[in-house]
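Peer 1: return atomic coordinates for the entry below.
(one chain, ligands or ions: 1)
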Amino acid sequence: MSAPTSLPFPKRDCSRCGGSGRYSYNSMHGDRCYGCSGTGRQFAGSKVSTLATEIRQRIRSQKEALASDVGAGDLLWIVAGRIASRIDRGDGGSWIEVLDVTHSLGERSGQSMSGSLRADPRAQWGIVAPVVQPGWTLSITLVDGTVQRRISSRQILRRKATDAIRQSDAARLLAACPKAHRSVYEQELVEAGWNLEELR
Ligand SMILES: [Zn+2]
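Peer 2: Numbering: from 1, shown residues only. Next comes the predicted model:
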């Protein structure tokens, strides 16, 4: 059984503002509480906070990829035979899996492959590839037999991310959650589709 695609993090009411999200007024930020950025909630303890940072960083790294990192199992959004630069409702596209990738670059330094990456909010695992440098050749064979030879900036890739949120993440968060907040957190896990019996 695969893990649910969302993972709640144990939170409690902010200790600074008591959950209202508001604290003393200043002209720059109004009365927004600094303890919780105005949300009224904060992580339930430092262990949870550390774990949450680690898990979020890992999930984020799986949502992003350099064009040079595309590999078998990743998915591309293909519209009319081309890699799309955006995903739109009704564009007729579909995710097609990458079977094999070959690429070469005269000078394969980190610098030449770097670029700013930006997650596409419309696709759960969408990313935008960096501009590819001249001299880099790429050949992506998809499972439907077609071959793509161009990846430019702003094209959407989707990484194979089946293990993005692991059951062990949920189990570790549950174990790190302070007793006083555990029952509330267990309820949130169940609502998100987790099986508590498998986490204990
Ligand atoms: Zn607060």
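
Peer 1: got the CA positions of whichever strand or helix holds residue 57 in PDB?
Peer 2: Using DSSP states H and E, residue 57 sits in helix 46-63. Output of helix 46-63 as PDB, limited to C-alpha atoms (Å, rounded to 0.1, in the frame of the first residue of the first chain):
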ATOM      1  CA  SER A  46      11.800  21.200  18.800                       C
ATOM      2  CA  LYS A  47      12.100  17.500  17.800                       C
ATOM      3  CA  VAL A  48       9.100  17.800  15.600                       C
ATOM      4  CA  SER A  49      10.400  21.100  14.100                       C
ATOM      5  CA  THR A  50      13.700  19.500  13.200                       C
ATOM      6  CA  LEU A  51      12.100  16.500  11.600                       C
ATOM      7  CA  ALA A  52       9.600  18.600   9.700                       C
ATOM      8  CA  THR A  53      12.500  20.600   8.200                       C
ATOM      9  CA  GLU A  54      14.300  17.400   7.200                       C
ATOM     10  CA  ILE A  55      11.200  15.900   5.600                       C
ATOM     11  CA  ARG A  56      10.200  19.000   3.800                       C
ATOM     12  CA  GLN A  57      13.600  19.500   2.300                       C
ATOM     13  CA  ARG A  58      13.700  16.000   1.000                       C
ATOM     14  CA  ILE A  59      10.200  16.300  -0.500                       C
ATOM     15  CA  ARG A  60      11.300  19.500  -2.100                       C
ATOM     16  CA  SER A  61      14.400  18.000  -3.600                       C
ATOM     17  CA  GLN A  62      12.300  15.300  -5.200                       C
ATOM     18  CA  LYS A  63      10.100  17.900  -6.800                       C
END
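
Peer 1: how far away is residue 168 from the ion?
Peer 2: 31 Å (C-beta to the ion, to the nearest Å). Backbone N, C-alpha and C define where each C-beta goes, glycine included.

Peer 1: what pLDDT does that residue get?
Peer 2: Looking at residue 168, its pLDDT is 90.

Peer 1: and it, how many neighbours?
Peer 2: Number of residues near residue 168 (other C-beta atoms under 10 Å) recorded here: 12.

Peer 1: so it lies in a helix, does it not?
Peer 2: Yes: the assignment for residue 168 is a helix, going by DSSP: H, G, I helix; E, B strand; the rest coil.

Peer 1: check contacts around residue 24.
Peer 2: Residues in contact with residue 24, defined by C-beta atoms under 8 Å, 6 or more residues apart in numbering, are residue 31.

Peer 1: quick one on the thing from earlier: so what secondary structure elements neighbour the helix holding residue 57?
Peer 2: helix 167-176 (3 or more C-beta pairs under 8 Å, 6 or more residues apart in numbering; DSSP states H and E).

Peer 1: next, the angle helix 46-63 makes with the helix it packs on.
Peer 2: Here helix 167-176 runs at an angle of 160 degrees relative to helix 46-63 (axes from the mean of the first three to the mean of the last three C-alpha atoms, to 10 degrees).

Peer 1: in helix 167-176, which residues are buried?
Peer 2: 167, 169, 170, 171, 172, 173, 174, 176 (16 or more other C-beta atoms under 10 Å).

Peer 1: show the average pLDDT along whichever strand or helix holds residue 99.
Peer 2: For residue 99, the enclosing helix or strand under DSSP H and E is strand 94-105. Averaging pLDDT along strand 94-105 yields 78.
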